[in-house]
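Undergrad: got a sequence here, can you model it:
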Amino acid sequence: MLPGSFVERKRACGRPNCHCADGKNLHSQFQVSVLVEGKPKTFNIPAKLVSKVRQQVEMRHRFDAAAATICGINLRRFLKDKENR
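TA: Residues are numbered from 1 along each chain as shown. Sure thing, here's the model as predicted:
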């Protein structure tokens, strides 16, 4: 799992003869944004790792959602047990 957000940005590379110079057919740039020591940091992801990193970030989001569900269930159980005493 990886924390943070996976982002795909479109950008021009700056080469005047490139297909992106018209501003329409831009290049994809992949990044992951995370908090490091309480400060936001953005890291570029090489194209060969995009699939793996995207999957790891999505796995963390699913984990967080599952943890929230479990906590909600536990809270409801606690409140129900408290009322029955």
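Undergrad: partner strands of the longest strand that the chain contains, with direction?
TA: When the chain is scanned for its longest strand (criterion: DSSP state E), the result is strand 27-36. For strand 27-36, the paired strands and their directions (DSSP bridges) are strand 5-11 (antiparallel), strand 39-45 (antiparallel).
Undergrad: out of the ones you listed, which is closest to residue 58?
TA: When those are compared by C-beta to C-beta, strand 5-11 sits nearest residue 58, at 7.6 Å. In short, each C-beta sits where N, CA and C put it, glycine included.
Undergrad: now that closest one: buried residues?
TA: residue 6 (16 or more other C-beta atoms under 10 Å).
Undergrad: also stretch 50-61?
TA: By neighbour count on 16+ other C-beta under 10 Å, the buried set for stretch 50-61 is 53, 54, 56, 57.
Undergrad: pLDDT of the helix or strand hosting residue 58, averaged?
TA: In this structure, residue 58 sits in helix 50-83 according to DSSP states H and E. Averaging pLDDT along helix 50-83 yields 95.
Undergrad: cool, thanks, talk later.
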